[in-house]
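>>> Build me a structure from this.
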Amino acid sequence: MNDVFTLFGIAIISASLVILIKQYKPELAFGIALSSGIIILLYTMGFFSEIFSVLSKLISFSGINDEKFFVLFRCMGICMVTKIASESCRDCGQNSIASKVDLAGKALILVASLPLFSEITEIIRIFIEL
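I've put the predicted structure just below:
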């Protein structure tokens with residue numbers, strides 16, 4: 001529960017600093033916003049190790065091939081990085097670049113999930129032959 005208050009405090013202090021600095025030095029405001037975003041991201045990285053340990057136990061318990069879950073993790077990572085990059089571009093006022101980052105993220109997710117699509121088509125082909 002303390003983690004929530006820590007993240008809340010970092011976010012509120014950072015947002016206040018950005019609003020205050022933006023009036024006098026707009027170029028520094030973006031740097032503060034980006035730095036605080038990186039600090040929050042690094043703070044939350046510790047939670048991912050716990051999530052991955054629980055998920056790896058579930059994967060081994062389920063008996064499903066690890067490669068399928070690896071594709072899912074890769075797509076989740078692409079989503080997170082794309083969201084952070086596009087929101088940073090939007091904070092800077094570059095909506096055009098942000099929309100292109102979103103498009104690139106969607107394309108990367110499609111590329112990363114191609115092995116699953118090929119497996120699904122193979123399963124469909126097997127069912128059709130029956």
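
>>> can you count the residues close to Ile59?
Taking other C-beta atoms under 10 Å as the criterion, the count of residues near Ile59 is 18. (Glycine included, C-beta is placed from N, CA and C.)

>>> List the buried residues of the lengthiest helix in the chain.
Here the longest helix in the chain is taken by residue count, with DSSP state H as the criterion, and it is helix 26-62. Going by neighbour count (16 or more other C-beta atoms under 10 Å), the buried part of helix 26-62 is Ala29, Phe30, Ile32, Ala33, Ser36, Gly37, Ile40, Ile59.

>>> Also stretch 95-102?
Residues of stretch 95-102 classed as buried under the neighbour-count rule (16+ other C-beta under 10 Å) are Ala98, Val101, Asp102.

>>> Now render these as CSV, adding secondary structure and distance to Ile13.
As requested, the buried residues of stretch 95-102 are exported to CSV (DSSP: H, G, I helix; E, B strand; the rest coil; distance: C-beta to C-beta, whole Å):
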residue, secondary structure, distance to Ile13
Ala98, helix, 25
Val101, helix, 27
Asp102, helix, 29
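
>>> Alright, I will stop here.
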